[in-house]
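# Got a predicted structure here, sequence first:
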Amino acid sequence: MEPVASLIDNLHMEDLKNRVHPSIFDENEGYNMFILRIPMITENEVHIRQMGFVLTAQNSYAYNRDNDTFEVLADRFDALHKMIDLPLDRLLKRFDHFHDQVADMEEGLYSKSVRKDFLTKWLRLKRDILQIERILMRSSLAIDAFVDFYETESSFPVNHYMDIHEHIGRVLRSATFNLAKLDYIHNFYNVQTNEKMNSMIYLLTVISAIFLPLNLAVGFFGMNTSGLPFTGGDSGTLYAFEMMVLFLVIAVGFFGAIKWLQQRRNA
């Protein structure tokens with residue numbers, strides 16, 4: 001390892017080696033540690049790129065986890081800025097794909113062409129955008145602490161790092177907007193689903209109410225007892241059928257009148 005490794009506390013070395021350590025800027029005597037996590041979107045999947053840096057009074061070093069070494073950067077601040085700015089630019093461009101997916105889901109609800117995997121897609125988008133928002137919020141705080149510490153140095157490119165902060169802010173605002181949109185879409189989807197369910201229940205209720213008198217008539221005339229009406233003549237079956245048709249007409253007319261009254265009340 002480079003000599004800089006001898007300056008670093010063992011606990012900080014463990015932090016640098018930890019691939020899931022959150023973003024942090026830690027001030028120390030003789031060096032400062034800067035860990036930054038940036039989400040990466042590849043083929044609709046979110047991956048996390050973690051970068052670890054150590055800054056001394058003369059140089060900046062990037063920690064390479066693969067071979068456990070520190071690589072000195074060509075410039076103390078500019079080279080570090082380029083390493084951070086490139087993945088952020090890619091994130092900013094690829095995040096628009098999430099925005100397009102949310103817009104497509106909303107349009108599908110308006111046109112009533114909801115796909116069967118709607119909830120699966122909604123949950124995946126919600127999970128990914130929440131993860132990006134959570135990671136970038138911590139990264140933004142770490143960059144703020146980094147800029148606050150070094151902004152008084154004459155060689156520090158404040159505008160470059162303010163540009164990084166602005167990029168993170170744009171992604172965070174877009175994430176917040178899309179999360180709110182996803183909540184609205186889910187509520188709208190629930191309303192549509194409840195309306196369909198209520199319509200089905202209403203239809204089943206009407207059908208059951210219409211055929212209930214018929215079932216009672218069939219059950220009544222199907223009793224194996226003496227003295228049943230219409231059993232003494234040859235037209236008993238016809239009379240029973242006519243009576244059931246009459247029940248059916250009365251029931252249909254009753255529910256039709258209720259439907260008409262409801263329409264007039266809503267008009």
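Now that the structure is in, tell me what you want to look at.
# Now the helix or strand where V245 lies: buried residues?
According to DSSP states H and E, V245 maps onto helix 236-266. Across helix 236-266, burial judged by 16 or more other Cβ atoms under 10 Å covers A240, M243, M244, F247, A251. All C-beta atoms are positioned from the backbone trio N, CA, C, and that covers glycine.
# Just give me the closest of those to L182.
Comparing these against L182 with Cβ to Cβ places A251 closest, at 45.2 Å.
# Helix, strand or coil: sort out the closest residue to that closest one other than its chain neighbours for me.
Using Cβ to Cβ, 6 or more residues apart in numbering and skipping the chain neighbours, the partner closest in space to A251 is I210 (4.5 Å). Three-state assignment for I210 (DSSP: H, G, I helix; E, B strand; the rest coil): helix.
# where's I210 relative to L204, distance?
Here the criterion is Cβ to Cβ, to the nearest Å. By it, I210 lies 11 Å from L204.
# Which one's more surrounded, those two?
Set I210 next to L204 and count neighbours by other Cβ atoms under 10 Å: I210 wins out with 16 against 10.
# thinking the more buried one is in contact with V245, fair?
No - I210 sits out of contact with V245 when judged by Cβ atoms under 8 Å, with a separation of 11.9 Å.
# for the protein, what are the low-confidence residue spans?
For the chain, the stretches flagged by pLDDT under 70 are 1-2, 220-221, 224-228, 230-234, 267.
# Show residues contacting stretch 112-119.
M105, G108, K121, Y189, Q192 (Cβ atoms under 8 Å, 6 or more residues apart in numbering).
# One more pass at 6 Å, please.
G108 (Cβ atoms under 6 Å, 6 or more residues apart in numbering).
# residues near the nearest residue to F188 once chain neighbours are set aside, how many?
Once flanking residues are discounted, F188 sits nearest to L109: 5.4 Å by Cβ to Cβ, 6+ apart. Counted with other Cβ under 10 Å, residues neighbouring L109 total 17.
# Between all of the buried residues of helix 236-266, which two are separated the most?
Farthest pair in the buried residues of helix 236-266 (Cβ to Cβ) is A240 and A251. Separation: 16.7 Å.
# those helices in this structure, which residues are they?
Along the chain, the segments classed as helices by DSSP state H run 10-17, 78-110, 118-150, 158-221, 236-266.
# The last one vs helix 158-221, what angle?
In other words, helix 236-266. Computed by axes from the mean of the first three to the mean of the last three Cα atoms, to 10 degrees, the angle separating helix 236-266 from helix 158-221 equals 150 degrees.
# Show me what helix 236-266 is packed against.
In terms of contacts (3 or more Cβ pairs under 6 Å, 6 or more residues apart in numbering; DSSP states H and E), helix 236-266 is packed against helix 158-221.
# tell me which strands and helices the helix it packs on is in contact with?
The contact analysis (3+ Cβ pairs under 6 Å, 6+ apart) places helix 158-221 against helix 78-110, helix 118-150, helix 236-266.
# Can you lay out the helices of the chain as CSV showing distance to G30?
CSV is the format used below for these (distance: least, Cβ to Cβ, whole Å):
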stretch, distance to G30
helix 10-17, 11
helix 78-110, 18
helix 118-150, 14
helix 158-221, 23
helix 236-266, 77
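# nearest spatial neighbour of Q131, skipping sequence neighbours?
V46 (5.7 Å).
# That neighbour against I129, yeah?
No - taking contacts as Cβ atoms under 6 Å, V46 lies outside contact range of I129: 8.8 Å.
# hang on, the earlier thing: return the residues in contact with the residue nearest to Q131.
V46 makes contact with P39, D128, Q131, according to Cβ under 6 Å, 6+ apart.
# If any of these are buried, put those into a PyMOL selection.
To isolate the buried members of the contacts of V46 in PyMOL, using 16+ other Cβ under 10 Å:
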select buried, resi 39+128
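# which one among the contacts of V46 gets closest to H167?
Using Cβ to Cβ, P39 is the member of these that lies nearest H167, at 12.3 Å.
# ok, so what distance separates R76 from H186?
Applying Cβ to Cβ to R76 and H186 gives a distance of 48 Å.
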